[in-house]
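Chemist: Make a model of this:
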Amino acid sequence: MPVWLRGGIGPIQPEVLAQGSGEPEAREITWVYTPDADLPREAFFAGENENCDEMFIGRTVVDGDMIPGMIVPNTGQLIFSNKGVITTTDEKQVLCGVVMKWMICQPTQIHHKAVIGGRLADGQSIYIGMATINGKVLIGHVDPSKDHKLFVPYEGRQESTRNYKILIAGISGYGFRPDLYDPSALSYAPNDMPSAPQAPHWHHPQDFPPVGPGQLPPGPPGNVEMHNGGYFWVNNSTFSNVPMHAVRGGTDSDGSEIFVGRAFVGGDWCPAKIVPARGEAYVAFDSQEHVVTNYDVLCEQRFQWVPAYGGQVPPNAVCGGQTSDGERLYIGRAYHEGSSTVGKVHPSHNCLYIPYGGEELKFDSYEILVRM
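Modeler: Numbering: from 1, shown residues only. Here you go, the predicted model:
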C-alpha cells in the first residue's frame, strides 16, 4: 500500500522513505513511497527518452542525502548519481502531480518555483533537472552549491552539465477578497455575458437523468466521469480523502481546506463545498445548508478563478450542476467571516449562494471557476 507524502522534506531520518517528514509544500506535488515496479497512477509523466519510453521521477536516501533521479522504464528501479557513484534501487518515492513543467534554466540561479527534489545531509536543497547528452535523455539532480550544475548518470559514470531544463511547479493562489474587488478589472464586458454556454460541457448525455422522489441519482460511469473540457468528476466512494487532482476551492474559517464538488439535493444537482477534514460536503439549497456524504469531486488543475457579479457567467465557466427545471448552476466562491468558500452561481437569481453556518448566504460579488 503506497504511503502518501507531502512535497516537502525535513531533516532526513533513516525511515524517511516509509514515513515521510518535514514541512508541507504545495498540495499539487506529492511523493509516494513505492518499493516495486507498479508506479502510482498519479505518477508525474516526465516525458519520453530517446527510445520513446515513458520517464518518471523518483528519489531515495543514501548516506544521509535524499537524491532524485530517473525511474528506469519497465523495471521500476530508480537510477541516480551521488558523489560520483551511480546506483540503482527499488526503495524510492515517486513524484506525483500534474501542475509541473520543464523550463530552460538560467545557469546562475534557481527558478523560484523549482521543485525541490531532495536535500543533502548538510541541509542544502537540490532540484530536478533534465538534459540530453550524446542523444540520451537523462534526469538527475541540480546542486546550487556546485555551480548550479546538473548531475546525471550516464553509461555507468556521473556526468555534469549546465545546459539543462529544470522542473517547475505551476501553483495558483486562492482566496477571494470582496473588499479588493473591482468590477472594472473584468476581462470581459458585463453585457457580453451569456446566461449559459451554448454548447453543454457534459460528455455523457445522461449526466443529469430525471430522478423521482425518494430515488438516488445514478453514479457516474465507473465512478469516474470524463469530460471534453479538461476536467472530470470522481465519486467519493472511490477514495478515502480527496483525489490527487482535486480542485481546491478555498480555506474554511477553521483553516480546513475546501475542495470543489457537486451533490444531489432536493431534486437538483448542486455545486458543493467539500471539507475532507470532516469527511463531509455542504450544499446551499432552499435557504439552508445541507450536509451530504455522497458527492462527486471536481478534478484537474487547469482552472482559474475569475471575478464576477450579479449572476454573470463568463465563457468557459465550469458547470457544477443544474436545477430540477434544467437551469445550469456554476461553481463560485466568496469570502465570508474568514472563510473563502465554494458555492453555486445561480444565473437567474443574479447571485452566488454559499452554505455557511447552517444557512444559505447570498453574494452579489464573487469569483467563478473558469476553464483556462
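Chemist: which residues touch stretch 144-156?
Modeler: 69-70, 79-81, 86, 105, 107-110, 124-127, 129-131, 133-134, 136, 138-143, 158-162, 164 (Cβ atoms under 8 Å, 6 or more residues apart in numbering). For the C-beta atoms, the positions are set from N, CA and C on the backbone; glycine is no exception.
Chemist: now Met70: how far from Thr34?
Modeler: Separation of Met70 from Thr34 (Cβ to Cβ, to the nearest Å): 14 Å.
Chemist: Please pick the buried ones from the contacts of stretch 144-156.
Modeler: 69-70, 79-81, 86, 105, 110, 125-127, 129-131, 133, 138-143, 158-161, 164 (16 or more other Cβ atoms under 10 Å).
Chemist: where does the stretch 1-150 of the chain dip in pLDDT?
Modeler: Regions of the stretch 1-150 of the chain meeting the criterion pLDDT under 70 cover residues 1-28, 73, 98, 106-107.
Chemist: what are the ranges of the helices in it?
Modeler: 16-19 (DSSP state H, counting those that start in this stretch).
Chemist: Look at the residue lying closest to Glu327 once chain neighbours are set aside and give its secondary structure.
Modeler: Of all residues not flanking Glu327 in the chain, Ser348 sits nearest, at 5.9 Å (Cβ to Cβ, 6 or more residues apart in numbering). Following DSSP: H, G, I helix; E, B strand; the rest coil, the label given to Ser348 is helix.
Chemist: right, and Ser348 touches Gly311 too?
Modeler: Yes: between Ser348 and Gly311 there is a contact under Cβ atoms under 8 Å: 7.1 Å.
Chemist: Which of the two has more residues huddled nearby?
Modeler: Looking at Ser348 and Gly311 with other Cβ atoms under 10 Å, you find the greater number of neighbours at Gly311, namely 20 against 13.
Chemist: Would you mind measuring from the more buried one to Asn51?
Modeler: 54 Å.
Chemist: ditto for Tyr335
Modeler: Taken as Cβ to Cβ, the spacing of Tyr335 relative to Asn51 amounts to 51 Å.
Chemist: now do Val265
Modeler: 52 Å.
Chemist: of these two, who's got more company?
Modeler: A direct count of neighbours by other Cβ under 10 Å for Val265 and Asn51 places Val265 higher, at 20 against 8.
Chemist: residues touching the more buried one, list them.
Modeler: Val265 touches Val283, Phe285, His290, Val292, counting by Cβ under 8 Å, 6+ apart.
Chemist: which among these gets closest to Ser324?
Modeler: Proximity of the contacts of Val265 to Ser324 (Cβ to Cβ) peaks at Phe285, which lies at 11.0 Å.
Chemist: Count the residues that sit near that closest one.
Modeler: Around Phe285 there are 21 residues (other Cβ under 10 Å).
Chemist: Check Asn82 too.
Modeler: Residues near Asn82, counting by other Cβ under 10 Å, number 22.
Chemist: That one against Met66, yeah?
Modeler: No: Asn82 is beyond contact range of Met66, at 9.9 Å (criterion: Cβ under 8 Å).
Chemist: can you list contacts of stretch 357-366?
Modeler: 176, 178, 181, 183, 284-289, 307-310, 332-334, 336-337, 343, 345, 349-355.
Chemist: Please compute how far that stretch lies from its chain's middle.
Modeler: 26 Å (Cα atoms, centre = their mean, to the nearest Å).
Chemist: Ok, stretch 91-109 next?
Modeler: 15 Å.
Chemist: Equivalent analysis for stretch 54-67, please.
Modeler: 22 Å.
Chemist: Can I get that stretch in CSV, CA atoms only?
Modeler: The C-alpha coordinates for stretch 54-67 follow below in CSV (Å, rounded to 0.1, in the frame of the first residue of the first chain):
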residue,chain,number,x,y,z
GLU,A,54,8.0,6.9,-20.7
MET,A,55,10.1,8.6,-18.0
PHE,A,56,9.2,9.1,-14.3
ILE,A,57,11.0,10.7,-11.4
GLY,A,58,11.8,9.2,-8.0
ARG,A,59,14.1,9.9,-5.0
THR,A,60,15.8,7.9,-2.3
VAL,A,61,18.0,8.3,0.7
VAL,A,62,21.7,7.3,0.7
ASP,A,63,24.4,8.3,3.2
GLY,A,64,22.2,10.9,4.7
ASP,A,65,21.4,12.6,1.4
MET,A,66,18.0,12.5,-0.3
ILE,A,67,18.7,12.3,-4.1
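Chemist: Buried residues, that stretch. List them.
Modeler: Met55, Phe56, Ile57, Gly58, Arg59, Thr60, Val61, Asp65, Met66, Ile67.
Chemist: Write down the beta-bridge partners of the first one, one by one.
Modeler: What it means is Met55. For Met55, the beta-bridge partners are Gly47 (DSSP bridges).
Chemist: Return the residues in contact with it.
Modeler: Met55 neighbours (Cβ under 8 Å, 6+ apart): Phe45, Ala46, Gly47, Glu48, Asn49, Met70, Ile71, Pro73, Val137, Ile139.
Chemist: Sounds good, over and out.
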